[in-house]
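**Student:** Build me a model from this:
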Amino acid sequence: MKKVDLLKKRRSMLEEQICNNLDLLVGSVVRSPAMMYYSLTTKVDGKTVTRYVRKGLVPKVKKMTDRHKRVRILIQKLSSVNWELLKLESKE
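**Tutor:** Below is the predicted model:
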């Protein structure tokens with residue numbers, strides 16, 4: 001199998017993995033030491049935004065923020081594969 005075909009197959013697999021992990025939230029779950037509650041913090045237009053997270057939702061919210069981290073890594077890998085494909089196509 002040619003290198004181009006392998007890279008296209010890899011790109012297809014990465015695209016599928018990204019699509020399967022789009023149930024995500026950007027931010028991080030933190031627990032206030034003084035208070036006994038959890039919150040989701042994220043940056044919006046350069047400002048930190050904090051949202052209250054009910055205790056029962058904490059596991060699901062953490063899972064969704066972990067998906068965001070995973071998608072970021074997958075996008076980096078996809079970018080590398082796309083770069084390699086561009087280099088190969090320019091040689092043709």
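**Student:** use CA for all of it now, contacts and neighbours both
**Tutor:** OK.
**Student:** show me where the protein has helices.
**Tutor:** Assigned by DSSP state H, the helices in the chain fall at 3-20, 58-91.
**Student:** which helices and strands does the shortest one pack with?
**Tutor:** Packed against helix 3-20, as judged by 3 or more CA pairs under 8 Å, 6 or more residues apart in numbering; DSSP states H and E, are the following elements: helix 58-91.
**Student:** Between the helices of the chain, which one is closest to residue 39.
**Tutor:** Nearest to residue 39 among the helices of the chain is helix 58-91; the distance by CA to CA comes to 8.7 Å.
**Student:** buried ones in the closest one?
**Tutor:** Counting neighbours by 16 or more other CA atoms under 10 Å, one finds that the buried residues in helix 58-91 are 58, 61-62, 64-68, 70-71, 74, 78, 81-82, 85.
**Student:** To residue 32, which of the helices of the chain lies closest?
**Tutor:** Comparing the helices of the chain by CA to CA, helix 58-91 comes nearest, at 13.2 Å.
**Student:** Residue 10: neighbouring residues, count only.
**Tutor:** Other residues near residue 10 number 16, with proximity taken as other CA atoms under 10 Å.
**Student:** I'd like to know how far the spatially closest residue to it that is not a sequence neighbour sits from residue 20.
**Tutor:** Sequence neighbours aside, residue 81 is the residue nearest to residue 10 in space, at 7.5 Å (criterion: CA to CA, 6 or more residues apart in numbering). Separation of residue 81 from residue 20 (CA to CA, to the nearest Å) stands at 19 Å.
**Student:** again, but for residue 11
**Tutor:** Look at residue 11 and residue 20: by CA to CA, they are 14 Å apart.
**Student:** What of residue 65?
**Tutor:** To residue 20, residue 65 is 14 Å away according to CA to CA.
**Student:** In contact with residue 88, which residues?
**Tutor:** The neighbours of residue 88, taking CA atoms under 8 Å, 6 or more residues apart in numbering as the test, are residue 4.
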